[in-house]
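Asks: sequence plus the predicted model coming up.
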Amino acid sequence: MPPSASRPGSRCRPHGCRPRCWRASDEARTAPGASWRLGMNAGLRLGAPVLVALVVIALWHGLVRAFDVPVYLVPSPLDVAHTLVQDWDLLAGSLWITLKITGLALLAATVLGVLLAFLFVQSRVIEASLFPYAVLLQVTPIVAIAPLIIIWVKNTLAALTLCATIVAIFPIISNTVLGLRSIDPGLLDFFRLKRASRWQILWRLRLPSALPAFFGGLRIACGLALIGAVVAEFVAGTGGSQTGLAYQILQAGYQINIPRLFAALLLITIAGVILFAAMTLLSRLVLARWHEVN
């Protein structure tokens, strides 16, 4: 056995197939105190927002009742809840349309954004040629170009999906490009030393390293896709069977049905929170084995 393996001052020595320092780290992670702290952190993350929401609802209800605010100005939480139950069939159908547009837009933005990011990393010429137009789409208000898209694209669902895709695609492009380029230089030199091809480096090194940045962009993009879908529905302003929540908000405003307006806004807010939470959970499930996940 080498002398260094039995030296008393050694900090980390081989022990079987795993170093002792690794085992100590694993034991620390599974210690009762660590489990208790993890449980407390999880409870704080879930409990604190719920507590704040309950306090806000209580203050809202108290102020409306104390100042006798008319329902056509600010309804109470009970009025909103009653309207949500009473008009659930109407609002649920509109919610499904908005979520369908959001999901299609997020899928299209993810596929196109990742493909463009791969092209930008592989070719500086392509990046210099196309990236400015991605920035141009990002800084152009969707309200300004949505009417043109709705006129040019005859299918309403396709037009609304395209508008939401334009809003959501830039974070995926920029974050994925950043992740594909933020790799360990030592690992890149090692791959080149082993004469790995450009595509092998992309698939085996750049892509795994880019996953945290990609999922960060995806979490942002899911909220932007929902915003883009709602804004596009506002601009389209069409009724019928393909009516989203934005149209219900418009109709409620025209009819001075403020409780229904608040109920539609509440559904949009809840949908956005659930989408963000789902993307966060997905990123934790995918990255837990390879990256540090807070």
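Replies: Looks like it came in fine.
Asks: hey, let's count contacts and neighbours off CA atoms from now on
Replies: OK.
Asks: which residues touch the spatially most central residue of the chain?
Replies: Nearest to the geometric centre of the chain sits Arg219, at 1.9 Å (C-alpha atoms, centre = their mean). For Arg219, the contact set (C-alpha atoms under 8 Å, 6 or more residues apart in numbering) comprises 276, 279-280.
Asks: that one: helix or strand, and which one exactly?
Replies: According to DSSP states H and E, Arg219 maps onto helix 207-236.
Asks: now do the buried residues in that helix.
Replies: 207-236 (16 or more other C-alpha atoms under 10 Å).
Asks: sketch out the low-pLDDT regions of the stretch 1-150 of the chain for me.
Replies: 1-40, 42 (pLDDT under 70).
Asks: what ranges do the strands span in it?
Replies: 14-15, 18-19 (DSSP state E, counting those that start in this stretch).
Asks: low-confidence bits of the stretch 151-294 of the chain, can you list those?
Replies: Along the stretch 151-294 of the chain, the model assigns pLDDT under 70 to residues 238-242, 290-294.
Asks: quick one, strands of it?
Replies: Assigned by DSSP E, counting those that start in this stretch, the stretch 151-294 of the chain shows no strands.
Asks: gap between the closest residue to Val231 other than its chain neighbours and Gly223?
Replies: Spatial nearest neighbour of Val231, excluding adjacent residues (C-alpha to C-alpha, 6 or more residues apart in numbering): Val143 at 7.0 Å. Val143 sits at a distance of 17 Å from Gly223 (criterion: C-alpha to C-alpha, to the nearest Å).
Asks: repeat that for Val52.
Replies: In terms of C-alpha to C-alpha, Val52 sits 22 Å off from Gly223.
Asks: what of Val177?
Replies: For Val177, the distance to Gly223 (C-alpha to C-alpha) stands at 20 Å.
Asks: check contacts around Asn41.
Replies: By C-alpha under 8 Å, 6+ apart, Asn41 lies in contact with nothing.
Asks: ok, the contacts of Arg219 vs Arg45, which is closest?
Replies: Nearest to Arg45 among those: Thr280, at 13.2 Å, using C-alpha to C-alpha.
Asks: what sits against the closest one?
Replies: Counted by C-alpha under 8 Å, 6+ apart, Thr280 has contacts 215, 219.
Asks: could you tell me how many residues sit around Leu193?
Replies: Counted by other C-alpha atoms under 10 Å, the residues lying close to Leu193 total 9.
Asks: tell me where the stretch 151-294 of the chain has helices.
Replies: 156-181, 185-193, 198-201, 207-236, 245-254, 258-287 (DSSP state H, counting those that start in this stretch).
Asks: how far is the second one from where the chain is centred?
Replies: From the chain centre to the centre of helix 185-193 is a distance of 32 Å (C-alpha atoms, centre = their mean, to the nearest Å).
Asks: and what of the shortest one?
Replies: Distance of helix 198-201 from the chain centroid (C-alpha atoms, centre = their mean) equals 29 Å.
Asks: check which residues of it are buried.
Replies: For helix 198-201, by 16+ other C-alpha under 10 Å, it's Ile201.
Asks: do stretch 63-74 as well
Replies: For stretch 63-74, by 16+ other C-alpha under 10 Å, it's 64, 74.
Asks: neighbouring contacts of it?
Replies: Contacts to stretch 63-74, defined as C-alpha under 8 Å, 6+ apart, come from residues 75-76, 256-259.
Asks: and for stretch 82-89?
Replies: With C-alpha under 8 Å, 6+ apart, stretch 82-89 has contacts from 91, 259-260, 263.
Asks: closest to Thr110 among the residues you listed?
Replies: Leu91 (28.0 Å).
Asks: contact partners for the closest one?
Replies: Taking C-alpha under 8 Å, 6+ apart, one finds 84, 245, 248, 264 in contact with Leu91.
Asks: generate a PyMOL selection restricted to the buried entries among the residues you listed.
Replies: Restricted to buried positions by 16+ other C-alpha under 10 Å, the PyMOL selection for the contacts of Leu91 reads:
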select buried, resi 84+245+248+264
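Asks: could the contacts of Leu91 be laid out in a markdown table, adding distance to Thr156?
Replies: Formatted as a markdown table, those follow (distance: C-alpha to C-alpha, whole Å):
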| residue | distance to Thr156 |
| --- | --- |
| Leu84 | 27 |
| Leu245 | 15 |
| Gln248 | 17 |
| Ala264 | 21 |
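Asks: so which of the contacts of Leu91 would you say is closest to Phe170?
Replies: Leu245 (24.7 Å).
Asks: what's the spacing between the closest one and Leu54?
Replies: On the measure of C-alpha to C-alpha, Leu245 and Leu54 end up 25 Å apart.
Asks: ok, Val69 to Leu63 distance?
Replies: In terms of C-alpha to C-alpha, Val69 sits 8 Å off from Leu63.
Asks: understood, closing this out.
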